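A.B. asks: coordinates for the following, if possible.
(2 chains)
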Number of protein chains: 2
Amino acid sequence: MERVHIPAHDMHRTIHVEEPVVASTLPAQESQKVAAVATPLPDTHPAAKLNLDVSQSATEIRRDYLHEYYVLVAPKRKNRPYDTASHDHPMVESADSPRLDLQKSVLEIPPRESGRPWNVKVVENKYPALTLDNPVAYGQQELVIDTPLSNVAFGSLDPGQISTVLQAYRQRSVSIKQNKHIAYVSIFRNDGYEAGASLAHAHSQIIALPIVPPQIVREAEACAHYYEHFQNDPFDAIIDFERSKKVRLIAENVDWIAFCPYASQWQMEAWILPKRTISVLDDCDNAILSSAAELLAPITRALTDTDISYNLIVDQGIHKNQRLTLKVCGRNVVSPWGGLEVGTGMIVNVIPPEAAATWYRQQVL
Amino acid sequence: MERVHIPAHDMHRTIHVEEPVVASTLPAQESQKVAAVATPLPDTHPAAKLNLDVSQSATEIRRDYLHEYYVLVAPKRKNRPYDTASHDHPMVESADSPRLDLQKSVLEIPPRESGRPWNVKVVENKYPALTLDNPVAYGQQELVIDTPLSNVAFGSLDPGQISTVLQAYRQRSVSIKQNKHIAYVSIFRNDGYEAGASLAHAHSQIIALPIVPPQIVREAEACAHYYEHFQNDPFDAIIDFERSKKVRLIAENVDWIAFCPYASQWQMEAWILPKRTISVLDDCDNAILSSAAELLAPITRALTDTDISYNLIVDQGIHKNQRLTLKVCGRNVVSPWGGLEVGTGMIVNVIPPEAAATWYRQQVL
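C.D. replies: Just a heads-up that it's a prediction; the model follows:
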C-alpha cells in the first residue's frame, strides 16, 4: 500500500513506521524476540482464574500478518496491581421474553411449514438503528435466537445446535444481499456485559450496512497486495506459518483450523479458518458448517465456563483472497482498553496469544 | 487518499465506500439529515442520569471530518432494555500509596531545588511494558501524579493545578523526544474502571513509542491531503464549520475552543482545540496551557460529578497541519463496544454529540 509522503515537521521526529511484511514467511519480526523472565500471576488478579502459563512470554511489539496495526504483547503487565474488578457474566433468560418480538419471524429452522418446533429463529430487531426507510442510516437489523431453551448460554449448546445457528447466519446473509443497496452484512454475537450485550437471552445479531466498513476494505486491500506480491493466498501463508510455529495452534479437523493469531488485538482471541479458500458464508454447505461448529462449540464453552465475556465475529470477505473467519474475541478479561488504545489505536494485550492457545488446547481436548 | 482497486468478487457486492469529504464546507452529509421523533429515556436506563435531550436527534451514519471512519449516531437505541449495568467510579487514594514509586522521580513542579513541596510529580512506571533495553518493545513509560492530595479526582482539581499537570506533560514530552529512537509520545489519563484505569490514585500516563502509530499517520495524511486540496488549514475549517452549526459548541476562550465532534466515536466525546495552528505541546507557553485548563477543568469535573469514566487524550501531531487536541472520551457510559465495532470498526454511538454538547454547556456555565 502506497503512503502519502508526509513532510517532516521541524519540531517532530521523522516518521519511520515499519515496512509492511514482505517476506513470504510472515511475520519477520518473530525471530527477533527477546526472552524475558516472567513472574507468576498473583491469585488476586482478575485473570488468575485462567491459570495461564506466561513463563515463555516476552514483551514485544507485533505487527499483524497483513494489516498495518500493532499490538504490544505485555504479559508482565498482568502482574501490576488492580483496584477495579470485572463484571459477572449474566444469566440467560427464556426465549419467550416479552422483549423478543417472536411474531416478526423472518426465518425458522426447521421451517414453520414442517410442523416441527423451531431450533433457531431469526426475528427483526425491535430496536433497530438502521432501517430500510432512513436514507442517512440505511440498513437492516435482525436477531438470531440461538436456542429456544431458557438459561442455556450459546457456549453450552452442542455442536449440532451451533451448526444450525451457522446455517441461519448463511441463509439470512444470502437473502439480505439480494438487496443491491446493501454493501456488507455484519454477523456477530455479544456474550456478556463486557462484550456489549444488553439482553441476557442467547442471541446473535445481523446488521446489513449500506457501505463496506473501511476496516474490511483495508483487509481486502492487504489481501490483494499480498497476493500480487507473492502469487500465493495470504491465508494459506498464515496457516503454513502457524503450523510451522505450533505454539499458537488450538485444534483442527478436516475442513477448519483454530489458532490464536500472532498479533491478537483482543484478549484470548481465537480464529477458526477454513483450510481452503472460502470468503463468504454463501459458499459453505451444511457439512462444512457442522465441521466449523465442532471447533466453535468447545472454544465458546471454555470461555462461558470461565465467565469470560466475548464477541463472536463472522468475518466475511469482499475480495476472493479474503477468507471467511470465525473470530472469538475475549473482552476486558483483564481490563478495558485505556487511553493508549483510544488515542493511538496501539493496542496493549496483556495475554500473549501463545498462553491463550495453551489454555484453549487444555479446554478443548 | 488513493485506494488500491479491489476486483469485485462474483459473490459480493461492489464496494461503494463514500468518497472523502471534498467540499470546503465539511461535512457534506449533514444537510441530508432526516428528522426523527425521539422517545424519552426510561428512568432505569444507565444513561438516564445524564438527562440528555435527544428530541432533535435523528439516527444517521456520519463520516469523520477528515478520516475514513464512520459512526452510526443512534439516539433511539438508548431506549432498548438493558439487563446489564455499568461500574461504579472508584475512589482515589493517597499519593503516598506504596504502589507508586515516588523515589524514581523524573520531574517535580515546583522543582525539588526550590525547597517547596511538589504539586505535580512524574515518576517512572513501576510496571512498564516498554523499556529502553528491549529491542522488540522499545520505549518508555512514566506516571504523572496529578496531585499530592488523597481522595481528590483529577476532575475536582482547580484550573491552576490542571495547568501544572499540562506543564508536566509538555516538559516530559520535549525531554523524551530528545531520544531520536522515540517516534511518538502518547499522553493520556484513564479515569475510572471503564476507561481502563487500574490504580485509583489520580495519575496520567506517558508512553514513548518507537513507531508513529498508524492511526496518527493516517490523521497526518488526511490533514496533508486536505491542505493540498483546499490550501486551507483543516482545523480552521473544522472550527468554522462548528461555529456555523453552533449545536455542538461547548465553550471557548481567547486561545481555545471546546466542542463535541460531528462524528463522535466515543460517548460524550469533547475536543479542546487551540484556535491557531499549534500541533505539539512544545509550542505551548504556560499562559496558553492555563487557558486550556480553564476549559478542561469544568469538562472533566462534569464527568466526575456524574460518575462517568473517561479518557483524556493529548493528541499531538506529526504534521504541521495536525492540531494539538485535548480529547475527553466518555467510556461505556451506556455499554461497551460490541461485535459490530470489534468486527468492522463501524461504531455505534447512542449519545448524539449535539445532546452531549447541550449537557456540557449546562455543566460548564
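A.B. asks: list, one by one, the residues from the stretch 151-300 of chain A near chain B.
C.D. replies: When proximity is defined by CB under 8 Å from any CB of the partner chain, the stretch 151-300 of chain A lies next to chain B at A:177, A:180, A:182-184, A:186, A:188-190, A:193-200, A:205, A:207, A:209-217, A:220-221, A:224-225, A:266, A:279-280, A:282-283. C-beta here means a position set from N, CA and C on the backbone, and glycine is covered the same way.
A.B. asks: apply 6 Å and report the result again.
C.D. replies: Residues of the stretch 151-300 of chain A lying close to chain B by CB under 6 Å from any CB of the partner chain are A:183, A:186, A:188, A:190, A:193, A:196, A:198, A:200, A:207, A:211-215, A:217, A:220-221, A:224, A:280, A:282.
A.B. asks: residues touching A:Cys223, list them.
C.D. replies: Counting by CB atoms under 6 Å, 6 or more residues apart in numbering or on different chains, A:Cys223 touches A:234, A:319, A:321-322.
A.B. asks: what about the residue lying closest to A:Ala258 once chain neighbours are set aside, how many neighbours?
C.D. replies: The shortest distance from A:Ala258 to any residue other than its chain neighbours is 4.1 Å, reached at A:Ile250 (CB to CB, 6 or more residues apart in numbering or on different chains). A:Ile250 is surrounded by 25 other residues when neighbours are defined as other CB atoms under 10 Å in any protein chain shown.
A.B. asks: the helix or strand harbouring A:Ile250 pairs with which strands, parallel or anti?
C.D. replies: Here A:Ile250 is covered by strand A:249-252, with elements defined by DSSP states H and E. Each strand that pairs with strand A:249-252, with its direction, by DSSP bridges: strand A:256-259 (antiparallel).
A.B. asks: about what we covered before: tell me which of the contacts of A:Cys223 is nearest to chain B?
C.D. replies: Of all these, the one sitting nearest chain B is A:His319; the distance, using CB to the nearest CB, is 5.3 Å.
A.B. asks: A:Leu107 belongs to a strand, doesn't it?
C.D. replies: Yes - counting by DSSP: H, G, I helix; E, B strand; the rest coil, A:Leu107 is found in a strand.
A.B. asks: mind listing what it touches?
C.D. replies: For A:Leu107, the contact set (CB under 6 Å, 6+ apart) comprises A:122, A:168, A:171.
A.B. asks: reformat the residues you listed as a markdown table; add secondary structure and distance to A:Ser114.
C.D. replies: Formatted as a markdown table, the entries for the contacts of A:Leu107 read as follows, by DSSP: H, G, I helix; E, B strand; the rest coil; distance: CB to CB, whole Å:
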| residue | secondary structure | distance to A:Ser114 |
| --- | --- | --- |
| A:Val122 | strand | 16 |
| A:Ala168 | helix | 15 |
| A:Gln171 | helix | 15 |
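A.B. asks: now, of the residues you listed, which are buried?
C.D. replies: A:122, A:168, A:171 (16 or more other CB atoms under 10 Å in any protein chain shown).
A.B. asks: and which of these is nearest chain B?
C.D. replies: Distance ranking of the buried ones among the contacts of A:Leu107 against chain B, using CB to the nearest CB, places A:Gln171 first at 15.0 Å.
A.B. asks: what's the distance between the nearest residue to that closest one once chain neighbours are set aside and A:Ser175?
C.D. replies: What sits nearest to A:Gln171 in space, not counting adjacent residues and going by CB to CB, 6+ apart, is A:Leu107, at 6.0 Å. The spacing between A:Leu107 and A:Ser175, counted by CB to CB, to the nearest Å, is 8 Å.
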